[in-house]
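>>> okay, predicted coordinates and the sequence, questions at the end:
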Amino acid sequence: MSTTRNQVNGPLHVDAASLGKVVVLYGGTSAEREVSIKSGSMVHAALLRSGADATLFDTGTQPLAELAAGGFARAFIALHGRGGEDGTIQGFLELIGLPYTGSGVMASAVAMDKIFTKRIWQTHGLPTPKYAVLKRGDNLIRVPDSLGLPLFVKPPHEGSTIGVSKVRGYSEMTEAFELAARYDDIVLAEEFIDGAELTCAVIERAGRAVALPAIRIVAPEGNYDYNNKYLTNDTRYLCPAGLPDAVEQRVRELAVASFEALGCAGWGRADFMLPGSDGAWGEPTLLEINTSPGMTDHSLVPMAARAAGIGYEQLVLELVAGAALKGGLGKRRDG
C-alpha cells in the first residue's frame, strides 16, 4: 500500500442542513448499553450544535416500528455490542430502506465474532495471535501448554473487555472460562503478546478506506479493562503514538487491510499488540476490529481524528454524510 492511501488531509465540507432528518440509534439491550447511551448522547449533541435536524432513538426501550415510521433520512448507529453491532439492526435498516453509518449486515456480523474474524484475517495473511476455541467439557488445564502463560480468555461476541481475564497460572483457567461463558456458549483463549497496546481507526472517504493516526494505550499495570477504559482517568493515550515512521505506517496499512478483508464500510477501529519495546519493535499483531466504535469523551476515534485535524462535530458530520444502504455484502448501494 502507498503512503497516500493512509493519509488524511483535514476535514471535508459537509452541509448539515443537507443531511435531512437524522436519527441517532443508541442504548439498546447489550452489556454495553451504558457506554452506548454516552456515545449516542454526545453524537446527538454534536449534530444539534452543527445545525442538523437530529433525534435520539433508544432501541432498547422504543419499538422499532416507530423508527420505520419516523420519516428519517439517515441513521447514525451509536449502538455497541449485540443487537446493534452484530448485523441485527443493520438488517432491519436494510429492510426499511434507511441509510445508516458503518458496516453492512455481513461485515458487522463477522467483525462481532472474534473467532471468525481471526480466521478471515489468517486467510488474508494478516498477523493475529495464536488462539484456541473452548467449550464446556474441554480439558482447560492443557490450554496454556499450547498458548503459553500468561494468556487471555474472553467471550468472542462481547466488547469493551467485558468477560475478559488475564490468566497467569494453570489454576486460573477454570475461573476465567466460567466468567467468559456467562456471555457466550464458546470461549476464546488467546496468546499473550508482550509489548505496546495500539489502536488505529479507519474511515472511508470518497469510497476509499484511510487510516487515522495510531494511538498508544498505556493503562495502569497494563490492565486496559472496563474500569480503565470508561470510569477512570488513569489510562494515558498517546497520539501521536511515538512510533518510528515505518512502524506507524505498518500499523496504518494493517488497519486498512483488516478493515477491507472483512468487507467493512464507513468507519471502524482495529486494535493491535506491538511486540517488543521502544527501539526494538516487532510486527504489529491484530487483536480485533470494532465496527461501531465509542464516541464518548474517553473514546479513541475522536482523539485520532483530532490529531488528523478533524474536530468532533466535523467527524460526526462526515460519518452521517456517508450513511448508506449496503446490502448483505456490505457494499454501498447508494451515494
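Sure thing, it's come through. Residues are numbered from 1 along each chain as shown.

>>> what does stretch 172-183 contact?
By CB atoms under 8 Å, 6 or more residues apart in numbering, the residues outside stretch 172-183 that reach it are 31, 134, 136, 140-141, 143-144, 153-155, 157-158, 162-165, 167, 187-188. Just so you know, the C-beta spots here come from the backbone N, C-alpha and C atoms, and that holds for glycine as well.

>>> my read is that residue 103 contacts residue 289, right?
No: using CB atoms under 8 Å as the test, residue 103 is too far from residue 289 to be in contact (9.4 Å).

>>> any common contacting residues for the two?
In the contact map built from CB under 8 Å, 6+ apart, the residues linked to both residue 103 and residue 289 are 111, 262, 264, 268.

>>> what residues of the host helix or strand of residue 247 count as buried?
Following DSSP states H and E, one finds residue 247 within helix 245-261. Judged by neighbour count (16 or more other CB atoms under 10 Å), helix 245-261 contains these buried residues: 247-259, 261.

>>> that older thread, ok, the shared contacts of residue 103 and residue 289 vs residue 149, which is closest?
When the shared contacts of residue 103 and residue 289 are compared for distance to residue 149, the smallest value, 28.5 Å, is given by residue 111; criterion: CB to CB.

>>> mind checking how far whichever strand or helix holds the closest one is from the chain centre?
Per DSSP H and E, residue 111 falls inside helix 105-112. Centroid separation for helix 105-112 versus its chain: 11 Å, with CA atoms, centre = their mean, to the nearest Å.

>>> gap between the helix holding residue 247 and the chain center?
On the basis of CA atoms, centre = their mean, the separation between the geometric centre of helix 245-261 and that of its chain is 15 Å.

>>> could you say what helices and strands that helix packs with?
Judged by 3 or more CB pairs under 8 Å, 6 or more residues apart in numbering; DSSP states H and E, the packing partners of helix 245-261 are helix 114-123, strand 195-205, strand 208-211, strand 267-277, strand 285-290.

>>> in a markdown table: these, plus mean neighbour count, mean pLDDT and distance to residue 76.
Formatted as a markdown table, the entries for the helices and strands packed on helix 245-261 read as follows, by neighbours: other CB atoms under 10 Å; pLDDT from 0 to 100; distance: least, CB to CB, whole Å:
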| stretch | mean neighbour count | mean pLDDT | distance to residue 76 |
| --- | --- | --- | --- |
| helix 114-123 | 17 | 98 | 24 |
| strand 195-205 | 23 | 96 | 14 |
| strand 208-211 | 19 | 96 | 19 |
| strand 267-277 | 22 | 97 | 11 |
| strand 285-290 | 22 | 97 | 16 |
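
>>> wait, which of those is closest to residue 327?
With CB to CB as the criterion, residue 327 lies closest to strand 195-205 of these, at 15.8 Å.

>>> ok and the closest one relative to helix 245-261, angle-wise?
Angular relation of strand 195-205 and helix 245-261 on a 0 to 180 degree scale: 60 degrees, by axes from the mean of the first three to the mean of the last three CA atoms, to 10 degrees.
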